[in-house]
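[1] Let's see this in three dimensions:
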Amino acid sequence: MIKIERTNDHITLSKLNEEIQTFHHNIHPNIFKPYDHEAVLNFFKNTLSSEKAIAFVAKENETTIGYLLLFTIHFADNPFQYARQFILLDQILVLKNHQGKGVGKQLLDAALAFAKEQNIETIELNHWTQNESARKFFGKNKFEYFNEKMWRAVE
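    Next up, the predicted model:
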């Protein structure tokens, strides 16, 4: 049975992050640094001290098998856009040997429940184009594209 709970355990999150950081480094080594345990540990420690950051973990038999990191974002009203707030789903990981069992969906459900508690109407995220499994997973869970980002190398 999978149990989802909120956490501030920066040590566990930093260890779990190695799998996804290594994946990102492998697909974009010019953007993503190799996994550095101490740096990632400090990132999570500092990030989770903010009231805007929330983390959830997925546990199976007391073993942590995934996590989700989100931020509450507030934009002030300006001449171009209305004031709004949303949840930014910054990181989600289910360890490879636990994927396909509904763990990611349960983590997303925790984020959705948190958003409802906070009266926030949307969750936003981005993923790397080469990450086909992320594209399929988020599409299957009712996420829609609303803004696309492009780049070009300068020659």
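
[2] where do the strands sit along this protein?
    For the chain, the strands defined by DSSP state E occupy 2-7, 53-60, 63-75, 84-94, 123-124.

[3] what about the fourth one, average pLDDT?
    When you say that, I think you mean strand 84-94. The average pLDDT within strand 84-94 is 97.

[4] re earlier: could you work out which of the strands of the chain reaches nearest to Arg135?
    Arg135 lies closest to strand 84-94 among those, at 13.2 Å (Cβ to Cβ). Every C-beta, even on glycine, is put in place using the N, C-alpha and C of the backbone.

[5] Can you point out the buried residues in the closest one?
    Neighbour counts over strand 84-94 (16 or more other Cβ atoms under 10 Å) mark Phe86, Ile87, Leu88, Leu89, Gln91, Ile92, Leu93, Val94 as buried.

[6] So for the fifth one, what's the nearest residue that isn't a sequence neighbour?
    Okay, so that is Gln91. Spatially, and ignoring its direct neighbours in sequence, Gln91 is nearest to Leu69 (4.2 Å; Cβ to Cβ, 6 or more residues apart in numbering).
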